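Trainee: okay, sequence plus prediction incoming.
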Amino acid sequence: MKWKGSITIYISLILTALIFLFSTIAESARLNVVCVRSRDITQMAVDSVMAGYAQQVYDDYGILLVWENISAEEQLRKYIQANIKMADLNGRGGNFLKTDLEKTEIKSIQYVTENLGKGFVEQVCNYMKYAGTAQAADELKKQYQKYEEKNTDTKENVTKVVGDNTGELCELVDKINDICKELKDTKDLEQKENTVRQMQEGTENYVNQEKDGQMIMKFRKEWKEFIALLESKADIVDEAIRFSENYERKKEIFLNENGYTAGEKDYISDNLKILENIRDKIKESRELNVLEFSEIALESNTELKIFFNNIKEIIQNMKSLTVQKSEKENVKDKKIYDTAVQFLNTQILSLVIENVEQISNAALLNSNLPSEKQKEKDSRKTGWNEKSALILYANRKFGNYLSPKKDTVLQYEIEYILNGQQNDKENLAKNIEKIVAVRCGLNMAYLMTDKTKMAEITAVASGVSTAIGLPFLEPIVKGVLTTAWSTAEAVSDIKSLLKGKKIPLIKKKEEWKTSLSNLNANTSSNEKRGLDYQAYCNVLLMMGDFQKYIYREMDLIQQNIQKRYQKEFLMEKCFTRIEIQADYYTQPLFVALPWSLRLLNHNYGGYEYSVDGQGAYEESKEK
């Protein structure tokens, strides 16, 4: 009996150890299964959240976004708890799992309005990747590259160059013209110079033979009159120089006050150089000491030869002075100029659309737009693939003046993306101004190569500056006329574009429609080659700020979804990526002894562990 009891105790100890070993192995296997199941539950919850994308946004705009109208963390907890409780209707996850969710934490979430709209751009690129637009993207790139090659800088704003402070300048011009006109009349000086020269050449024999004192006396008289005439001319030259220098000073002040580049040259500037040369020649002649003769100089006198050569040069310079006086033709040119200035100051919208009242008056419904909350600055370079995707996506999903979409807040959506104004009318007006500016630059590029048209502009500019009485304005007036003519042609172009026609980037001579004398002519092109209105909008999009365009496209999506389906919808509550951490607590099942629990886990009475999960829609990679 004694040995039987010992065997029983021995076997009991062995069985207990074996039970503990098997329980530990079973518990470890169970925990592995529970952890795997927890990871599956967590990922299923994340996938369930991502599967709850905004259906209407996808249907209308082809992009996948999760609208967080209910907290993402709250949704995750609901899905995790539901998957845990599927094993036990009583709520604890069955006898096998015995697991509870302690908490969930969102480690990161990518809202489409954050990180420079990265999530939205990715979705647009994903959509366009399967839209079969590779050929369209290549064509878009070619159009823009061709525009870049032909584009020239032009003045954006041209104002009337003739101010109210020109009266004194005009008076100076009149005085200078009168003086120069007097100096140009060199008949008296030429006659005296010729008489004196002939008499001087004929006195050589008389001087040598000491004969004909009467002839010598007559020569001396003619000489004194000639010198007096020359001195009077010198006084007139000095007066002309003073007026001209005063004119130059006041001209520089005028240019600076009116915002134009100083140093503009004109014929008075050229006259001033001529006058200064005349003055220098007269001074040089005085220094020859031949102005007063006590005796008659011989023909071989070197100083006298230099003197007469100076007189010839003085006369030639006087004749070369320029004098401009206004004539009837100049007044006609002034009218052309005034028409050009008036044309440039006219509202473009009223020139290109006959019935402005038919323009849409639609406006944005409310504020709280994604673009209003954009605070980040674009620090990354937008790749060509992204640019073309955004532009072609806008062409597919948003309307414009010629092709408005149905049931939208704004009728002219592309125009809003470009300009960001609150209503259709302002967006259309600004868009037309931009296209006119583009066409103006391209038209000017052609105009500068057309010698006939540039000669016409130069002639009118010269006549205008003469009529105004400010010759230095000729290059400025020429610039205004060139801009006005290019703009008038651009207005004609935009009329054609708004009728659905095409306009080539660079025109040929036969494709030019307007004339300088009739800038307001109501002409339009019938050309079939070139770019249409949408293509010019695409060129503008390529030239602009893509960061603004990204947020404005989100503005339109938000506004239209609010109008059609859900007034509370906000793009700032939409996300495309999420990373979470779920903390779980599992009760022991096969091992319940305190010391064994301490071996398996630091927490007395159960196991705690964390599981990560993440979800995201497919990304597009820029090549």
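Mentor: Yep, that arrived. Residues are numbered from 1 along each chain as shown.
Trainee: neighbours of Pro475, how many?
Mentor: Residues near Pro475, counting by other C-beta atoms under 10 Å, number 16. Any C-beta I mention is one placed from the backbone N, CA and C, and that applies to glycine too.
Trainee: who are the contact partners of it?
Mentor: Glu264, Ala461 (C-beta atoms under 8 Å, 6 or more residues apart in numbering).
Trainee: ok, now which ones touch Ile106?
Mentor: With C-beta under 8 Å, 6+ apart, Ile106 has these contacts: Ala72, Glu73, Leu76, Ile578, Glu579, Ile580.
Trainee: among these, which ones are in helices?
Mentor: Among those, DSSP state H puts Ala72, Glu73, Leu76 in helices.
Trainee: in PyMOL, how would I select just the buried ones from these?
Mentor: The buried residues among these can be selected in PyMOL (16 or more other C-beta atoms under 10 Å) with this line:
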select buried, resi 72+73+76
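Trainee: dump the ones in helices among the contacts of Ile106 to TSV, plus distance to Leu229 and pLDDT.
Mentor: Formatted as TSV, the ones in helices among the contacts of Ile106 follow (distance: C-beta to C-beta, whole Å; pLDDT from 0 to 100):
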residue	distance to Leu229	pLDDT
Ala72	102	87
Glu73	106	88
Leu76	108	89
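Trainee: among the ones in helices among the contacts of Ile106, which one sits closest to Glu510?
Mentor: Closest approach to Glu510 among the ones in helices among the contacts of Ile106 (C-beta to C-beta): Ala72, at 63.8 Å.
Trainee: quick revisit: dump the ones in helices among the contacts of Ile106 into TSV; add distance to Asn385 as well.
Mentor: What follows is these, written out as TSV (distance: C-beta to C-beta, whole Å):
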residue	distance to Asn385
Ala72	30
Glu73	35
Leu76	34
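Trainee: nearest to Tyr536 among the ones in helices among the contacts of Ile106?
Mentor: Ala72 (42.7 Å).
Trainee: which ones are touching the closest one?
Mentor: Val49, Val66, Ile106, Ile109, Phe575, Ile578.
Trainee: are any of those residues buried, and which?
Mentor: The buried subset of these - by 16+ other C-beta under 10 Å - is Val49, Val66, Ile109, Phe575, Ile578.
Trainee: quick one: the strands in the stretch 251-400 of the chain, in order.
Mentor: For the stretch 251-400 of the chain, no strands turn up when DSSP state E, counting those that start in this stretch is the criterion.
Trainee: ok so, going back, what's the closest of the ones in helices among the contacts of Ile106 to Lys387?
Mentor: For these, the nearest to Lys387 is Ala72 (31.4 Å; C-beta to C-beta).
Trainee: how far away is that closest one from Glu618?
Mentor: 20 Å (C-beta to C-beta, to the nearest Å).
Trainee: can you redo the contacts of Ile106 as a markdown table with distance to Leu498?
Mentor: Listed next are the contacts of Ile106 as a markdown table, based on distance: C-beta to C-beta, whole Å:
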| residue | distance to Leu498 |
| --- | --- |
| Ala72 | 47 |
| Glu73 | 51 |
| Leu76 | 52 |
| Ile578 | 46 |
| Glu579 | 50 |
| Ile580 | 52 |
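Trainee: contacting residues for Tyr247?
Mentor: Taking C-beta under 8 Å, 6+ apart, one finds Leu169, Leu172, Val173, Ile176, Ile268 in contact with Tyr247.
Trainee: just checking, it is part of a helix?
Mentor: Yes - under DSSP: H, G, I helix; E, B strand; the rest coil, Tyr247 falls within a helix.
Trainee: quick one: it and Asn317, what's the gap?
Mentor: In terms of C-beta to C-beta, Tyr247 sits 19 Å off from Asn317.
Trainee: before we move on, what about Asp59?
Mentor: Distance from Asp59 to Asn317, by C-beta to C-beta: 85 Å.
Trainee: what about these two, which has more around it?
Mentor: Asn317 (21 against 9).
Trainee: so that one touches Glu276, yeah?
Mentor: No - Asn317 is beyond contact range of Glu276, at 9.8 Å (criterion: C-beta atoms under 8 Å).
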